[in-house]
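**Q** Here is the input, now give the coordinates:
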Amino acid sequence: MKKTILLITPENQEINYFRKRQFNNFIQITMPYLAAFINEEHYDITLIDEYNQKIPFKEDFDLVAITVNTPNANHCYKIAEAFMSKGSYVVMGGPHVTLLPHEGTLHCNSIIIGEAEETWPQFLIDFYNGVPKKIYQTTDTPSLKGIPTPKRSLIRRRFFTKGAVIASRGCPYSCSYCNLKQIYCNSFRTRPVGEVIEDIREIAGRYFVFWDDNFFGDIKFAKELLRELKPLKKKWAAQVTLDQCQDEELLQLAKESGCIYFFIGLESFSEASLQSVNKGINNVKGYQKIIDLIHQYGISLQAGIIFGFDTDAKDVFNNTLLACNQLGIDGATVSILTPLPKTPLYKQLKEEGRLLTEDWTHYNGKTRVAYQPKNMTPKELFEGYMKFRKEFYSFKSIYKRLKKSRTNLLHNLIVNLGYKMSL
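**A** So this is what the prediction gives:
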């Protein structure tokens with residue numbers, strides 16, 4: 001007899017309101033990917049993404065699976081409580097449960113710690129047979145060879161943003177605010193090129209993103225993949241590091257294979273700030289040359305920018321805006337520095353007594369400040385961050401930046417207006 005399973009990609013109302021009107025929010029691929037491991041002879045699958053769907057609390061499910069990141073943790077615990085009160089069995093996994101497993105076990109029936117290629121299928125078998133364990137944790141580093149293609153047929157109401165593909169996992173670097181080293185096995189891995197290409201072929205639309213933490217983490221692999229990708233005539237984006245974009249052969253291959261834009265974590269325009277968080281791979285003096293080179297190959301730059309480093313003074317917001325306008329940065333994803341659990345940054349701020357709260361709702365990097373900054377108050381940090389966002393996405397700044405960039409103008413204008421509408 002089949003059991004019913006509900007897969008939830010959670011998003012609390014505060015973050016949902018923040019993101020909803022932006023135009024480039026691609027699907028989070030975790031749950032469609034995990035759905036591909038499920039034996040449909042044993043389970044009827046329902047997938048809900050709270051970005052654009054409501055959780056069906058009135059329906060009954062044998063099993064509810066939730067992927068938990070830190071800012072959604074409290075929200076996820078309430079979801080779990082609601083379903084468990086109705087008799088559903090709830091299993092949780094994802095970054096927050098991996099980082100704080102003892103906390104996770106207090107709010108559900110089972111948890112899956114770390115990467116799930118081996119443990120998730122085993123849990124599904126155990127649950128179906130009535131013998132699930134409390135904790136599942138992988139002991140080996142999972143290979144990406146032979147992993148299944150995400151069940152994109154389960155995705156609803158995502159007309160242009162349902163294409164996300166895994167080509168690699170992990171990142172070679174160790175920035176102190178990033179929790180990748182704590183979440184993944186400490187190994188950068190790639191997927192067989194042919195399997196990635198077949199996955200991309202199955203995407204019905206023309207547009208997709210590589211859901212990798214550092215798509216250029218292995219240059220030889222990336223070049224081989226891009227050569228094979230070119231005949232598919234797709235349009236794509238990926239997260240990469242700036243230093244790797246000095247390789248002109250790589251940029252040429254990216255252009256020829258349909259790259260629209262790179263997301264690049266510039267983070268700061270201060271060498272001192274970058275050094276303070278172990279991001280020395282970024283060279284501020286070289287920003288202009290590399291960004292111009294990226295634009296030369298017709299690729300746009302969506303910059304990750306973070307405010308709140310210990311070296312940031314109150315003038316950082318205006319100085320960053322001037323730099324972005326001068327460099328011709330096409331768009332920016334702006335965040336407040338956030339000390340995620342188990343990261344070196346979290347440990348430092350906790351030891352210094354500078355954490356303001358451990359209410360995880362404050363750890364979203366967008367609407368709250370979770371710690372005491374060094375050179376300003378939390379209120380000044382938040383207000384400066386909000387002012388920067390409004391000025392960066394003002395018509396004046398959009399005009400200056402796009403005039404300098406002159407890259408993918410229509411696409412960039414649409415994305416910039418989407419961010420402006422979300423303010």
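**Q** what's around Asp213, how many residues?
**A** Per other CB atoms under 10 Å, the neighbour tally for Asp213 reads 19. Where C-beta positions appear, they are placed from N, C-alpha and C, glycine not excepted.
**Q** doesn't Thr241 make contact with it?
**A** No. With the criterion set as CB atoms under 8 Å, Asp213 and Thr241 do not qualify as a contacting pair; they are 10.1 Å apart.
**Q** how long is stretch 41-53 from one end to the other?
**A** Distance between the two ends of stretch 41-53: 26 Å, counting by CA to CA, to the nearest Å.
**Q** Give the buried residues for it.
**A** With burial defined by 16 or more other CB atoms under 10 Å, the residues of stretch 41-53 counted as buried are 43, 45-52.
**Q** Now do that stretch, average pLDDT.
**A** Model confidence over stretch 41-53, given as mean pLDDT, is 93.
**Q** and if you look at stretch 312-332?
**A** Per-residue pLDDT over stretch 312-332 has a mean of 97.
**Q** buried set for that stretch?
**A** If you call a residue buried by 16+ other CB under 10 Å, then stretch 312-332 has these buried ones: 312, 316-317, 320-321, 323-325, 327-332.
**Q** Looking at those residues, which are in helices?
**A** Taking DSSP state H, the ones among the buried residues of stretch 312-332 that sit in helices are 316-317, 320-321, 323-325, 327.
**Q** what would the buried residues of stretch 312-332 look like in a markdown table with distance to Lys3?
**A** Below are the buried residues of stretch 312-332 laid out as a markdown table (distance: CB to CB, whole Å):
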| residue | distance to Lys3 |
| --- | --- |
| Asp312 | 51 |
| Val316 | 53 |
| Phe317 | 52 |
| Thr320 | 52 |
| Leu321 | 54 |
| Ala323 | 55 |
| Cys324 | 51 |
| Asn325 | 56 |
| Leu327 | 54 |
| Gly328 | 54 |
| Ile329 | 49 |
| Asp330 | 47 |
| Gly331 | 44 |
| Ala332 | 45 |
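**Q** For the protein, list the residue farthest from the centre, please.
**A** In the chain, counting by CA atoms, centre = their mean, Met1 sits farthest out from the average C-alpha position, at 37.0 Å.
**Q** Quick check: phi and psi at Ser397.
**A** phi -70, psi -40 (degrees, to the nearest 10).
**Q** counting contacts, what elements does the helix or strand hosting Ile48 pack onto?
**A** Using DSSP states H and E, Ile48 falls within strand 43-49. On a contact count with 3 or more CB pairs under 8 Å, 6 or more residues apart in numbering; DSSP states H and E, strand 43-49 meets strand 3-9, helix 30-35.
**Q** so Val90, which of the three states?
**A** strand (DSSP: H, G, I helix; E, B strand; the rest coil).
**Q** That one: neighbouring residues, count only.
**A** Every residue meeting other CB under 10 Å relative to Val90 is counted, giving 24.
**Q** who's it bridged to?
**A** For Val90, the beta-bridge partners under DSSP bridges are Val64.
**Q** Where do the strands of the stretch 1-150 of the chain begin and end?
**A** Taking DSSP state E, counting those that start in this stretch as the criterion, the stretch 1-150 of the chain carries its strands at 3-9, 43-49, 63-67, 89-93, 110-113, 135-137.
**Q** can I get these in TSV with distance to Gly217?
**A** Formatted as TSV, the entries for the strands of the stretch 1-150 of the chain read as follows, by distance: least, CB to CB, whole Å:
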stretch	distance to Gly217
strand 3-9	25
strand 43-49	27
strand 63-67	23
strand 89-93	23
strand 110-113	24
strand 135-137	25
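**Q** Would you mind saying which of those strands lies nearest His411?
**A** When those are ranked by distance to His411, counting by CB to CB, first place goes to strand 43-49 at 24.1 Å.
**Q** just the helices in the stretch 101-250 of the chain please.
**A** Counting by DSSP state H, counting those that start in this stretch, one finds helices in the stretch 101-250 of the chain at the ranges 101-104, 119-128, 180-183, 193-201, 219-229, 248-256.
**Q** For the first one, output the C-alpha coordinates as CSV.
**A** Once side chains and other backbone atoms are set aside, the C-alpha atoms of helix 101-104 remain, and they are given as CSV (Å, rounded to 0.1, in the frame of the first residue of the first chain):
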residue,chain,number,x,y,z
PRO,A,101,21.5,18.3,15.1
HIS,A,102,20.7,18.2,18.8
GLU,A,103,18.3,21.1,18.3
GLY,A,104,16.8,19.5,15.3
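**Q** Can you tell me how far Tyr33 is from Glu117?
**A** Taken as CB to CB, to the nearest Å, the spacing of Tyr33 relative to Glu117 amounts to 10 Å.
**Q** Out of the helices and strands in this structure, which is least certain?
**A** For the chain, scoring each helix and strand by mean pLDDT, DSSP states H and E identifies helix 13-19 as the least confident one, at a mean of 71.
**Q** So, low pLDDT: which residues of the stretch 1-150 of the chain?
**A** For the stretch 1-150 of the chain, the stretches flagged by pLDDT under 70 are 16-26.
**Q** I figured Thr311 hits Glu271, correct?
**A** No. Between Thr311 and Glu271 there is no contact under CB under 8 Å: 9.2 Å.
**Q** ok so, going back, can you give the distance of the strand holding Ile48 from its chain's centre?
**A** 22 Å (CA atoms, centre = their mean, to the nearest Å).
**Q** quick one, that strand and helix 119-128 angle?
**A** Between the axis of strand 43-49 and that of helix 119-128 there is an angle of 130 degrees, by axes from the mean of the first three to the mean of the last three CA atoms, to 10 degrees.
**Q** Could you export strand 43-49 as CSV, keeping only the C-alpha atoms?
**A** Output for strand 43-49, consisting of C-alpha atoms alone and laid out as CSV, is shown next (Å, rounded to 0.1, in the frame of the first residue of the first chain):
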residue,chain,number,x,y,z
TYR,A,43,5.0,6.8,-2.1
ASP,A,44,2.6,9.4,-3.6
ILE,A,45,4.6,12.6,-3.7
THR,A,46,3.4,16.2,-3.1
LEU,A,47,6.0,19.0,-3.4
ILE,A,48,5.3,22.5,-1.9
ASP,A,49,7.5,25.5,-2.3
